[in-house]
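**Student:** Below: sequence and its predicted model.
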Amino acid sequence: MTGGFPELPGAVPGSVVLRMAPFPSGALHIGNGRMLFVNQYYRDRYRGKLLLVFDDTAGSEQKRVETEFFNLILGDLALAGVRPDAVFYKSDRISNHYPWARRVIEKGAAYVCRCPAELLRENRAHGIACPERSQPVDETLAEWEKMLANGYAEGEAVLRLRTDLHDPDPAFRDRVLFRISDVDHPRVGHKYRVWPLLEFSWAVDDVELGVTHVIRGKDLVIEDRMQRFIWDLLGVRGPPFLHWGLLRVREAKVAKSKSYVEVKTGAYDGWADPRTWSLRSLDRRGISMDALRQFTLSFGLSLADIEVPAETLYAENRKLIDATTPRRSFVADPVRVEVEGYPFDLSEVVLPNHPDRAELGTRRVRAGPIFFLARKDVAGRAGTEVRLKDLVNVRFPLGEDGPVPEGVARPRFTSRENRKLARLQWVGASEAVAVDLLGTDGNHTQGVGEASLRRAQPGEVFQFERVGFVRVEADWKMGTSPVRVVYGHA
RNA sequence: GCUCCCGUAGUCUAGUCCGGUCAAGGAUUCGUGGCCUUCGACCACGUAACGCGGGUUCGAAUCCCGCCGGGAGCACCA
């Protein structure tokens, strides 16, 4: 069921080294799953090693590194079942990059530019050289030392690569290699002021860490060219690159930085809020990581940008959990009704936990004569006969249509035999337990469920019949009311 | 605008490198029917695709050219 995964060029089984490099600015979301599972897939296929390298350089206003995210991401990996063979932090390796910078400068391929960022950008767009571009090597070396020796303030100077100002791709013209940042880094504080930018740092680390193949999103293709440029310049041999295209889940406006604000301000219920579409939010909803892996791998390594409905993921999950998930009765927005003429001997029924799986056992459910029914199930039923699922048939009296006020509609018992009637979910009023259902949209729905839910295990997954799969909150204390569950999918 | 990437059914994908076995396979969605006391599962059936136009060839989803459409990049972010 996996999509296409080509051979890694020149891969030798047993000696492949892969790396994945999340930026620690939030919990991993559904899109990041691709990074995890694709790398894991190749690691396993070639019995290689997979490194986790936190890409925690200085960042920016929009993307800032925070301490809590390291463990958050480590936790996400554990959750996803992706075990890295080693963990590195870019911030530990900054000084490793300086000798490389020196080599580039000595090749005459870089210069220290003191243009303001805007001017730099402007000039790049028009292919105009900054005055410093013709800087001789020894002067660049001196300026570089000055940068390292705190001779410049943040933003005052950068080290730029000399490529070709008329390169057809404006993005490739004299890119910045190092910049100065006074950020207080959560791991290394103010130890470094001169920070490498992504492409240079990888030009160094992919080689120093012995990475044999780089597999990353295609938003990073220009970095391939940069890395190769630097390697060619230095006569170094670097790994080949492979990419996957953009993956969007239609329902998920996947933007980690966006969730960041909502989580920080408390608008969201933490990183596991269903609206984040984070890995942990999917787990919270009872979506298995195996389903997510299969879903993700089904797209192969295609470079095409794709948008997939979440239903595809749900279908994958359903296949995995349906056969083993117990059924339970739940009624949202309940209306209390009493059935007239309800048979006295039917105060309790034994129902199977799964319609097709006898081995999942049964449970006893109290019934009648007073029930909770869903308001939307009852609306407009006047004059019609329906079946209370697994129980009896009743007829709603003829009357004015519309919403049924609580306790007013008094359906009348008609018969017991199983007939082809609309089936309504019910919960016997004598034993109903309050249930709080958290929806995918972050809203809570109150309802009632059958008594056996009181004995649910935290984290247990159920199918609420005619509603969908739900998972009991892991931090719910057994026996407390209401039973807190999270909606997964239909 | 410039650079790069991508176009197979509603959606995703196999096939494209090395043209014939592809009157295009799979998954999902949707529709119909069956079955089980769920609107879920399962079973059966069905709808539905090679972006367009040229060219090469006995033969093109596959090779070439042009066009059109979509996406990403053009940060002192990653």
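**Tutor:** Received it, and whenever you're ready, just let me know what you need. Residues are numbered from 1 along each chain as shown, chains lettered A, B, ... in the order given.

**Student:** So which bits of stretch A:44-58 are buried?
**Tutor:** By neighbour count on 16 or more other CB atoms under 10 Å, the buried set for stretch A:44-58 is A:46, A:48-58. All C-beta spots, glycine's among them, are computed from the backbone N, C-alpha and C.

**Student:** how far does it sit from the chain's center?
**Tutor:** 18 Å (CA atoms, centre = their mean, to the nearest Å).

**Student:** next one: stretch A:20-33
**Tutor:** Averaging C-alpha positions (CA atoms, centre = their mean) puts stretch A:20-33 7 Å from its chain's average.

**Student:** And the average pLDDT for it is what?
**Tutor:** Mean per-residue pLDDT for stretch A:20-33: 89.

**Student:** And the furthest pair within the buried residues of stretch A:44-58?
**Tutor:** Spanning the widest gap among the buried residues of stretch A:44-58 are A:Y46 and A:A58, at 33.8 Å by CB to CB.

**Student:** excluding its backbone neighbours, what's nearest A:R293?
**Tutor:** Nearest non-adjacent residue to A:R293, counting by CB to CB, 6 or more residues apart in numbering: A:F37, 4.8 Å away.

**Student:** check which helix or strand covers A:A291.
**Tutor:** Secondary structure from DSSP states H and E places A:A291 in helix A:289-297.

**Student:** residues of that helix that come out buried?
**Tutor:** Quick answer for helix A:289-297 (16+ other CB under 10 Å): A:289, A:291-297.

**Student:** other SSEs contacting that helix?
**Tutor:** The contact analysis (3 or more CB pairs under 8 Å, 6 or more residues apart in numbering; DSSP states H and E) places helix A:289-297 against helix A:33-45, helix A:67-80, helix A:279-284, helix A:310-321.

**Student:** Rounded mean pLDDT for it, please.
**Tutor:** On average, helix A:289-297 scores 94.

**Student:** Tell me which helix or strand comes right after it.
**Tutor:** Using DSSP H and E, the helix or strand that follows helix A:289-297 in sequence is strand A:306-308.

**Student:** can you list the residues that contact that following strand?
**Tutor:** A:245-250, A:299 (CB atoms under 8 Å, 6 or more residues apart in numbering).

**Student:** tell me, which of the residues you listed make contact with RNA strand B?
**Tutor:** By CB under 7 Å from any atom of the strand, the members of the contacts of strand A:306-308 lying near RNA strand B are A:245-246, A:299.

**Student:** Mark which of these are buried, thanks.
**Tutor:** Using 16+ other CB under 10 Å as the burial test, these include A:245, A:299 as buried.

**Student:** what would the ones next to RNA strand B among the contacts of strand A:306-308 look like in CSV with distance to A:K389?
**Tutor:** Converted to CSV, these look like this (distance: CB to CB, whole Å):
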residue, distance to A:K389
A:G245, 45
A:L246, 44
A:F299, 39
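
**Student:** Specify which member of the ones next to RNA strand B among the contacts of strand A:306-308 is nearest to A:P131.
**Tutor:** Using CB to CB, those come closest to A:P131 at A:L246, 39.3 Å.

**Student:** This completes my enquiry, with thanks.
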